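Following is a predicted model, sequence given first.
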Amino acid sequence: MKKGNYYLTTPIYYPSGKLHIGHTYTTVAADVLARFKRFTGYDVMFLTGTDEHGEKIQVSAKEKGKDAQKYVDEMVEEIKLEWEKLDISYDEFIRTTDEKHKKAVQKIFETLYEKGDIYKSEYEGCYCIPCESFWTEKQLKENKACPDCNRPAHLTKEEAYFFKLSKYQERLLKEFEENPKICYPTSRKNEMVNNFLKPGLDDLCVSRTSFDWGIKVPFDTKHVIYVWFDAVCNYITALGFASDNTDLYKKYWPADVHLIGKEIVRFHTLVWPAMLMALDIPLPKMIFGHGWILFDSDKMSKSKGNVVYPKPIIDRYGIDALKYFLLKEFTFGQDGNYTNRAFVTRLNTDLANDLGNLVSRSIAMIVKYNQATIPSTKEEREFDNDLRRVATEASEKVENAINNLDFSGALEEIWKIVRRSNKYIDETTPWVLAKDEKKKERLDTVLFNLADCIRIISILINPFMKNTSEEICRQLGIGEENIQWEKTFKRDETLVGNIVTKGKILFPRLEIDKELLELEKANDKYVETIVARRSCTT
Ligand code: MSP
């Protein structure tokens, strides 16, 4: 019996360049959440996709001398391969160039027009192409720079349709007061209230006429629908809203969580909810704006050339290492600085020393002292109980942390068991017990307890590090049918008699300075191949 439905989304990515680890971050977090929810009994719908219209994409395609559709088709294939490489478990992949999406967006636009929430007028103001954002002159920084990305915005004047965002100001304010999760964490909510809601919302320009790469306004085809209006609709059009088959929409809407980066909180927590209010449909239950991964304290971005890509890292260390690092190192709601040194250091301490060592030492001792068989447990001591308490209390704490999108906190709870188990080995010194025949029972207890704690750890890390989890279970002789969340609450006697197998080293210890050079070389080489490939295809 399923516990219920759970719908989560990532932002849809612009297919205008190679995705970097900033983009990987959102998607990996969503993937862990989706896997965790499935693991704990929910019927999950995990949506990701690509945001393919707008001036930015049209300009990029032109620069490459390509037809826009052909250009996005190629880029989207690359993005899908990237997610495959990272083993992202999405259920649906939406492209905003899908016919179903285009038709539904036109219907939504028409509905709001007929309702009087969209009207025709003229837009005069500034526009930032990389951010696809309208700004008033007052909002721009010095030298007419975009307040979000610092790049120059340009003046534009065109006939346009507007969405009556201002009409929803009071309802939005009320929603912000009553529902803390409409914009989470609280720091982001305060920013929206103080900088946008309280000063007053202007109506939003929702069509463009100066280029044509977009969804046409159905009743006035020289206009294309503003790319952000088109894009946010993906969260409902992917479920079949405004189509012939609305089964998924009925099943999964409202979304449990939209995961987004902090710079797109404004579109998601002000414009999107106002559009939903205008459509008379429920708002998402939570919108979470996570922080940025910075590089030298600056936002990683292709135009600044300070980019780290996931591929060279995965090729050298595997996806589990990258996923672990991204979700442990950074607090999800806050910015964090990426350095290769931090990555390699964490691999050595948490993965090679703490987890890897625990597993290899314990398995080796079971092999050596009990003919590779997990013994039964006969007695308990004070630190046995302490170990067991840490191990069996973890799952509830992990669940709470993940439900609050505190991935780092969840991993910390799991690593408490890892560290406590390592301490347990030092306290019980199995190699001393093994020398004394009279202490055989005690030795059996220690070995059983270690095997059982490692079992619990391997199940708890499953949503984060599937490969490592399965490899540990294999070494412990645990079948797939026993990798179940419910089995982390208590001791599992069925382990007794399992034959353990020494396996490959889970995470080899790294020589930091050598690795730093290798990592830098691998990233530079990868960047060269991207540049070379791009120039071949232009
Ligand atoms: N297409 C829009 C989203 C539309 S959603 C209806 C967009 N695309 S994006 O490709 O530019 O960015 C996608 C996501 O990647 C955003 O949430 C953004 O915050 C995230 N990141 C891009 N660089 C990042 C970092 N350096 N660090 C963390 N996340 C970052 O915006």
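That came through, no problem. Note that this is a predicted model, so its numbers are computed, not measured.

what sits against residue 391?
Residue 391 makes contact with 417, 420, 421, 452, 453, 456, 457 under the criterion CB atoms under 8 Å, 6 or more residues apart in numbering. For the C-beta atoms, the positions are set from N, CA and C on the backbone; glycine is no exception.

With residue 509 instead?
Contact partners of residue 509, counting by CB under 8 Å, 6+ apart, are 348, 352, 353, 356.

related to what we said a few turns ago, among the contacts of residue 391, name the ones in helices.
When those are checked against helices (DSSP state H), the matches are 417, 420, 421, 452, 453, 456, 457.

Could you export these as CSV, including pLDDT and distance to the ligand?
Converted to CSV, the ones in helices among the contacts of residue 391 look like this (pLDDT from 0 to 100; distance: CB to the nearest ligand atom, whole Å):
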residue, pLDDT, distance to the ligand
417, 98, 30
420, 97, 33
421, 98, 33
452, 96, 38
453, 97, 34
456, 97, 32
457, 98, 28
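
Next, give me the two most distant ones among those.
Taking every pair in the ones in helices among the contacts of residue 391 and measuring CB to CB, the maximum separation is 12.7 Å, between 420 and 452.

neighbour count winner among those two?
The residue with more neighbours, out of residue 420 and residue 452 and counting by other CB atoms under 10 Å, is residue 452; that gives 24 against 20.

which secondary structure elements does the host helix or strand of residue 320 contact?
Residue 320 belongs to helix 319-329 when elements are defined using DSSP states H and E. Contacts of helix 319-329 with other secondary structure elements, assessed using 3 or more CB pairs under 8 Å, 6 or more residues apart in numbering; DSSP states H and E, are made with helix 21-39, helix 310-317, helix 340-346, helix 407-428, helix 466-476.

Just say which of those helices is most tucked in.
The highest mean neighbour count among the helices and strands packed on helix 319-329, using mean count of other CB atoms under 10 Å, belongs to helix 21-39: a mean of 22.

is that one anywhere near the ligand?
Yes: using CB under 6 Å from any ligand atom, we find that helix 21-39 touches the ligand at 22, 23, 25, 26.

of all these, which comes closest to the ligand?
Within those, the smallest distance to the ligand is 2.3 Å, found for residue 22 (CB to the nearest ligand atom).

Tell me how many other residues surround residue 480.
9.

Put together TSV for the contacts of residue 509, with neighbour count and secondary structure on each row.
Shown next, in TSV, are the contacts of residue 509 (neighbours: other CB atoms under 10 Å; DSSP: H, G, I helix; E, B strand; the rest coil):
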residue	neighbour count	secondary structure
348	19	helix
352	19	helix
353	15	helix
356	20	helix
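
Distance to the ligand and pLDDT added to these, as JSON lines?
Conversion of those to JSON lines gives the following (distance: CB to the nearest ligand atom, whole Å; pLDDT from 0 to 100):
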{"residue": "348", "distance to the ligand": "24", "pLDDT": "97"}
{"residue": "352", "distance to the ligand": "26", "pLDDT": "97"}
{"residue": "353", "distance to the ligand": "28", "pLDDT": "97"}
{"residue": "356", "distance to the ligand": "28", "pLDDT": "98"}
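
what two of those residues are the furthest from one another?
The widest separation within those, taken as CB to CB, falls between 348 and 356 and amounts to 9.6 Å.

Could you count how many residues lie near the residue lying closest to residue 493 once chain neighbours are set aside?
Take residue 493 and drop its neighbours on the chain: the residue closest to it by CB to CB, 6 or more residues apart in numbering is residue 376, 7.6 Å away. Using other CB under 10 Å, residue 376 has 14 neighbouring residues.

Likewise for residue 114?
Burial measure for residue 114: 10 neighbouring residues, criterion other CB under 10 Å.

how about the strand or helix carrying it, does it reach the ligand?
The secondary structure element spanning residue 114 is helix 99-115 (assigned by DSSP H and E). No: Helix 99-115 does not reach the ligand (CB under 6 Å from any ligand atom); its nearest approach is 11.7 Å.

Give me the contacts around that helix.
By CB under 8 Å, 6+ apart, the surrounding residues in contact with helix 99-115 are 94-96, 118-119, 161, 163, 206, 215-219, 225, 229-230, 233-234, 236-238, 240-243, 275, 278-279.

Got a quick PyMOL command for the buried subset of those residues?
For the buried members of the contacts of helix 99-115, the matching PyMOL selection, counting by 16 or more other CB atoms under 10 Å, is:
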select buried, resi 94+95+96+118+161+163+206+215+216+217+218+225+229+230+233+234+236+237+238+240+241+242+243+275+278+279
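
The contacts of helix 99-115 in strands, which ones?
In this view, these that belong to strands under DSSP state E are 94, 95, 118, 119, 161, 163, 225.
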